[in-house]
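K.L.:
Give the three-dimensional model of this entry:
(2 chains)
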Amino acid sequence: MALKTETMILNMGPQHPSTHGVLRLELELEGELIVDVKPHIGYLHRCFEKHAEAMTYPQVIPYTDRMDYLASMYNNFGYVIAVEKLLGIEVPERVEYIRVIMGELQRIASHLVAIGTFGLDIGAFTPFLYCFRDREKILSLFEMTCGARLLYNYMWVGGLSHDIHPDFVRLTKEFIKEFRPTIKELNDLLSYNKIFIERTANIGVLPLDTAINYGVTGPSLRGSGLAFDLRKDEPYSIYDRFEFDVPVGQGLMGTVGDCWDRYYVRVLEMEQSLRIIEQAIDKIPEGDVQSAIPRRIKPPVGTVYQRVENPRGELGYFIISDGSTNPFRVKVRAPSFVNLEVLGELCKGHLVADVIAILGSIDIVLGEVDR
Amino acid sequence: MKNPEEIFDVLKNQFGDDILGIEKEQPTEPIISVTPSSVDKVCLFLRDNEELKFDSLMNLSGVDDANGEKVKDEDGGEIIKGGTLSVYYHLYSIEHKHKITLKTSTPREEPRVESVESVWKTANWHEREAYDMLGIIFNNHPDLRRILMPYDWDAGYPLRKDYKNPEFYQGMKVPY
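P.N.:
As a prediction, this is how the structure comes out:
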């Protein structure tokens, strides 16, 4: 005899250790099985877009830092090249090289947080310490360059706020030499760990067509098997000069597009970032990093949509200029905002404990979701 | 790979008067204007046509054009009467690597646009945000609720150019 059952609503959050910010998930459960997940966002909303309308173009840059606070360099990067495109100015070679190096260091730092906390969500504590230890070295490089550890305000329209420190090149090379073996260490400790694989393989499988329809980008899309990377497919800055591969999920431990694939793509991407930095670090040309900074930024009337490959996916800035010194409208297409939407789709049919694994594997930063 | 002018010609042939025009004088990419009542059909065509295949909606943003008449209200503030609100769609084709920008404008007093949620699921949250921030109503949207503001926020739409903070929200003082 079939029993008549009702589903139960369970709240996870508004503050849960696995969410990197404030998020409330409304879980609809049938026993332990997930029927549906509804994310409720908006707790951090600090009105970036409204603020931007009241600021001049350069004054907006510090606000971009605060969206994705684990990848502030890249938020700066996207915004300044959008404004530069609107203005039609070219930046010096030295600036381009330094921007790419900083951007890739930031990608490694961000992926280290993603990997470390993902392990932590699943119950592995040691990899988290290792990851934060290595991230610390990158933050020290950033601190040496611009004095800040998290919110850099480093890339300016047309240039950079500071030139690199005389020791920067040497210390970055040292970091690369030390960091390569630790990726292997991390793999032994976490990636190929039996418990970790059991918890993540075949969990939260994201089929490719669903991923595209939901607008998912970044490592989450590549985990589903599509080699789509804006650094290759729509090169900006000077990314077309470097050789690197785009890792994709291959279903090594389970199905293509599961949590393990999304996780492992990030591990492989760190190695590719190291390759890019190695190619760029010796070629930084001489020059002044502030020579191209315009004294008054007043773009012509028009619109621009510029997107860059943020560690979490496609970060797009849509700017409308009315010809004044303040942007008329700035809309941020935030990768975490878009990637979070697919969560309900991924969780269906899994257990409550798997929600944590799935949420960790799409690597959201709530500061960017709410902006 | 097609450029925006070619895509505009294809759309003009297919939809006639529903395609309003193309703005070419842009510092970056041209913008194709569409009527708000046909934007869902146009988008479905753009997604499913073999030569266009716009399978990815990169971005959707609502904009207050602030092109109406500015009038003073009783407390000396400024409100905007008339004019339009717009929605911009940035589309991309992963296979053909081409992209276009669509734009549709709707009257500010009765802002209604057809939803494209059935074409790209990602539009769901983007449209909710445009609704929450600007008050644009998307017809046929399955779940049009506020997304960033509290669900019961009844003081209007923050990204409108004439938005003013309310004095109180549920007995709490808002401007501090």
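K.L.:
now the strands for the stretch 51-200 of chain A?
P.N.:
Secondary structure of the stretch 51-200 of chain A (DSSP state E, counting those that start in this stretch): strands at A:155-156, A:159-160.
K.L.:
Output the below-cut-off pLDDT ranges for the chain.
P.N.:
Picking chain A for this. For chain A, the stretches flagged by pLDDT under 70 are A:1.
K.L.:
oops, chain B please
P.N.:
Along chain B, the model assigns pLDDT under 70 to residues B:26-27, B:176.
K.L.:
Could you find the closest non-adjacent residue to the residue in it that chain A sits nearest to?
P.N.:
Residue nearest to chain A within chain B (Cβ to the nearest Cβ): B:Thr122, separated by 3.1 Å. No exception for glycine: its C-beta is placed from N, CA and C like everyone else's. Using Cβ to Cβ, 6 or more residues apart in numbering or on different chains and skipping residues adjacent in sequence, the residue nearest B:Thr122 is A:Gly215, 3.1 Å away.
K.L.:
who are the neighbours in contact with the one you found?
P.N.:
For A:Gly215, the contact set (Cβ atoms under 8 Å, 6 or more residues apart in numbering or on different chains) comprises A:338, A:341, B:56-58, B:120-122.
K.L.:
and it, what helix or strand is that in?
P.N.:
Here A:Gly215 sits in a region with no helix or strand, counting by DSSP states H and E.
K.L.:
any chance of the strands of the stretch 51-200 of chain A in CSV, plus mean neighbour count and distance to A:Lys331?
P.N.:
Compiled in CSV, these are given as follows (neighbours: other Cβ atoms under 10 Å in any protein chain shown; distance: least, Cβ to Cβ, whole Å):
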stretch, mean neighbour count, distance to A:Lys331
strand A:155-156, 26, 20
strand A:159-160, 24, 25
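K.L.:
Mind putting those into a markdown table with distance to chain B?
P.N.:
A markdown table is the format used below for the strands of the stretch 51-200 of chain A (distance: least, Cβ to the nearest Cβ, whole Å):
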| stretch | distance to chain B |
| --- | --- |
| strand A:155-156 | 20 |
| strand A:159-160 | 20 |
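K.L.:
Reformat these as CSV; add distance to A:Ile101.
P.N.:
Below are the strands of the stretch 51-200 of chain A laid out as CSV (distance: least, Cβ to Cβ, whole Å):
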stretch, distance to A:Ile101
strand A:155-156, 12
strand A:159-160, 11
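K.L.:
Now the residue nearest to B:Thr122: phi and psi?
P.N.:
According to degrees, to the nearest 10, the main-chain angles of A:Gly215 amount to phi 70, psi 20.
K.L.:
So what sits opposite the residue nearest the centre of chain B in the bridge?
P.N.:
Per Cα atoms, centre = their mean, the C-alpha nearest to the average position across chain B is that of B:Val87, at 1.7 Å. Going by DSSP bridges, B:Val87 is paired in beta bridges with B:Gly62, B:Thr104.
K.L.:
Count the neighbours of the closest residue to A:Leu129 other than its chain neighbours for me.
P.N.:
Nearest residue to A:Leu129 in three dimensions, chain neighbours excluded: A:Gly116, at 7.8 Å (Cβ to Cβ, 6+ apart). Using other Cβ atoms under 10 Å in any protein chain shown, A:Gly116 has 24 other residues around it.
K.L.:
who are the neighbours in contact with A:Gly116?
P.N.:
Contacts for A:Gly116 (Cβ under 8 Å, 6+ apart) come out as A:127-132, A:135.
K.L.:
Near chain A, which residues of chain B? Just list them.
P.N.:
For chain B, the residues in contact with chain A (Cβ under 8 Å from any Cβ of the partner chain) are B:25-29, B:31, B:55-59, B:61, B:63-64, B:88, B:90, B:94, B:97, B:101, B:120-122, B:124-126, B:133, B:146-150, B:158-159.
K.L.:
Give me the buried subset of these.
P.N.:
The neighbour count (16 or more other Cβ atoms under 10 Å in any protein chain shown) marks B:26, B:28-29, B:31, B:55-59, B:61, B:63-64, B:88, B:90, B:101, B:120-122, B:124-126, B:133, B:146-149, B:158-159 as buried among the residues of chain B next to chain A.
K.L.:
Check whether the residue nearest to the centre of chain B really touches B:Val63, as I assumed.
P.N.:
Yes: under the criterion of Cβ atoms under 8 Å, B:Val87 makes contact with B:Val63 at 7.5 Å.
K.L.:
contacting residues around residue 107?
P.N.:
Using chain A here. A:71, A:74, A:269-270, A:273, A:311.
K.L.:
sorry, should have said chain B
P.N.:
Listed by Cβ under 8 Å, 6+ apart, the contact partners of B:Pro107 are B:82-85.
K.L.:
ditto for A:Leu189
P.N.:
A:Leu189 is in contact with A:124, A:126-127, A:130, counting by Cβ under 8 Å, 6+ apart.
K.L.:
Need the single longest helix in chain A, by residues.
P.N.:
helix A:93-122 (DSSP state H).
K.L.:
Residue numbers of the stretch 251-371 of chain A in contact with chain B?
P.N.:
A:299-300, A:302-305, A:307, A:314, A:316, A:318, A:320, A:329, A:331, A:333, A:337-338, A:341-342, A:370.
K.L.:
please redo it, this time with the cut-off set to 6 Å
P.N.:
Contacts of the stretch 251-371 of chain A with chain B, taken as Cβ under 6 Å from any Cβ of the partner chain, map to A:300, A:302, A:304-305, A:316, A:318, A:329, A:331, A:333, A:338, A:341.
K.L.:
Sitting in helices, which of these do you find?
P.N.:
Of these, the ones assigned to helices by DSSP H are A:Val338.
K.L.:
What's the local residue count around A:Ile61?
P.N.:
Quick note: A:Ile61 (other Cβ under 10 Å) scores 21 neighbours.
K.L.:
Not counting its neighbours along the chain, what's nearest the residue in the stretch 1-150 of chain A positioned nearest to chain B?
P.N.:
Proximity of the stretch 1-150 of chain A to chain B (Cβ to the nearest Cβ) peaks at A:Gly42, 4.2 Å away. Take A:Gly42 and drop its neighbours on the chain: the residue closest to it by Cβ to Cβ, 6+ apart is B:Leu148, 4.2 Å away.
K.L.:
which residues sit in contact with that neighbour?
P.N.:
The contact partners of B:Leu148, taken as Cβ atoms under 6 Å, 6 or more residues apart in numbering or on different chains, are A:42, A:45, B:132.
K.L.:
Take these and write them to TSV, including neighbour count and secondary structure.
P.N.:
Converted to TSV, the contacts of B:Leu148 look like this (neighbours: other Cβ atoms under 10 Å in any protein chain shown; DSSP: H, G, I helix; E, B strand; the rest coil):
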residue	neighbour count	secondary structure
A:Gly42	20	coil
A:His45	17	coil
B:Asp132	23	helix
